[in-house]
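# Quick one, what's the 3D model for this:
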Amino acid sequence: MTQSTLIPYDEVRTVRYSLPEFHGTTPEDPVRFIHKAESILYNTHIDRAGWTSIVEPQLKGAASTWWNTVRILDHTWDEFRADFLQKFNNMDIQSRLQTEIVSVRKTPTQSLTEFFTTKHQLARRINNGQIPALAEPQLVHTIVGLTHSGYRTHIRLQRPNTFANLRQIATIMDTPDDPPPQPFTIPEHGKRGQSRTPRQPHAP
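Presented below is the predicted three-dimensional model:
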């Protein structure tokens, strides 16, 4: 990287330590990625014309593959922002996520904490998107219904109405019970002593 009047080298190196990465996976929230990047870049002396090139190395995986197909367009930040959100947060994706959050059940290999955390991530993506936001109490009630019946009954007794409530309950339910006490084993020398027949006293 060479120093530029628009992109101070030392500041770029510092800023990139703070910028988030984005891989284009389902749980990641593209709106939050853009907002966080902008909040960091607004507080620098880096010209807006250089923001796209600053953020570019933070795109990984599927996001990097997408960027390699459009980087030839030499996007301004506003153009990059619009295309990025259209790619990773369009209406079709939002509809698919909404269906997923209210229909995909907990798998046997998932802990309750993992299950509720994933659902919370999807809910934040939906509520940041273009379709009407889903009410949290309604979502929580629906998500509890996607757990095993044994979990479901116990959780509903706690009357959770927020994702924070769900995570607190999950932390308790995912904690294994204390291990049962080990059975007492009689030492071998004790067994030998107990197996002997008591001697009768000698007759006078």
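
# which residues of the protein score low on pLDDT?
Flagging of the chain using pLDDT under 70 yields the residue ranges 1-14, 16, 127-134, 177-204.

# Grab the longest helix from this protein for me.
Ordering each helix of the chain by length in residues (DSSP state H) puts helix 112-127 first.

# List the buried residues in stretch 19-29.
19, 22, 24, 28-29 (16 or more other C-beta atoms under 10 Å). Every residue, glycine included, has its C-beta placed from N, CA and C.

# and the residues you listed, which of them are in strands?
Per DSSP state E, strands hold no members of the buried residues of stretch 19-29.

# Tell me the one among the residues you listed nearest to residue 90.
Taking C-beta to C-beta as the measure, residue 90 lies nearest residue 24 of those, at 12.9 Å.

# residue ranges for the helices of this structure, please.
9-18, 30-41, 51-55, 61-70, 77-88, 91-103, 112-127, 136-144, 149-157, 163-174, 188-195.

# Just name the most buried of those.
Ranked by mean neighbour count, the helices of the chain are led by helix 51-55 with a mean of 21 (mean count of other C-beta atoms under 10 Å).

# how about it as PDB, C-alpha atoms only?
Written as PDB, here are the backbone C-alpha positions of helix 51-55 (Å, rounded to 0.1, in the frame of the first residue of the first chain):
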ATOM      1  CA  TRP A  51     -14.000   4.200   2.000                       C
ATOM      2  CA  THR A  52     -14.700   1.400  -0.500                       C
ATOM      3  CA  SER A  53     -11.000   0.400  -0.900                       C
ATOM      4  CA  ILE A  54     -10.700   0.500   2.900                       C
ATOM      5  CA  VAL A  55     -13.500  -1.900   3.500                       C
END
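
# could you say what helices and strands that helix packs with?
Applying 3 or more C-beta pairs under 8 Å, 6 or more residues apart in numbering; DSSP states H and E, one finds that helix 51-55 makes contact with helix 9-18, helix 30-41, helix 77-88.

# Columns distance to residue 174 on top of those, output as JSON lines?
Shown next, in JSON lines, are those (distance: least, C-beta to C-beta, whole Å):
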{"stretch": "helix 9-18", "distance to residue 174": "33"}
{"stretch": "helix 30-41", "distance to residue 174": "26"}
{"stretch": "helix 77-88", "distance to residue 174": "31"}
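
# out of these, nearest to residue 65?
helix 77-88 (10.8 Å).

# what's the angle between that closest one and helix 112-127?
130 degrees (axes from the mean of the first three to the mean of the last three C-alpha atoms, to 10 degrees).

# Now tell me what touches helix 77-88 from outside.
The contact list for helix 77-88, computed with C-beta atoms under 8 Å, 6 or more residues apart in numbering, reads 22, 24, 30-31, 34, 48-49, 51-52, 55, 63, 66, 70, 73, 75.
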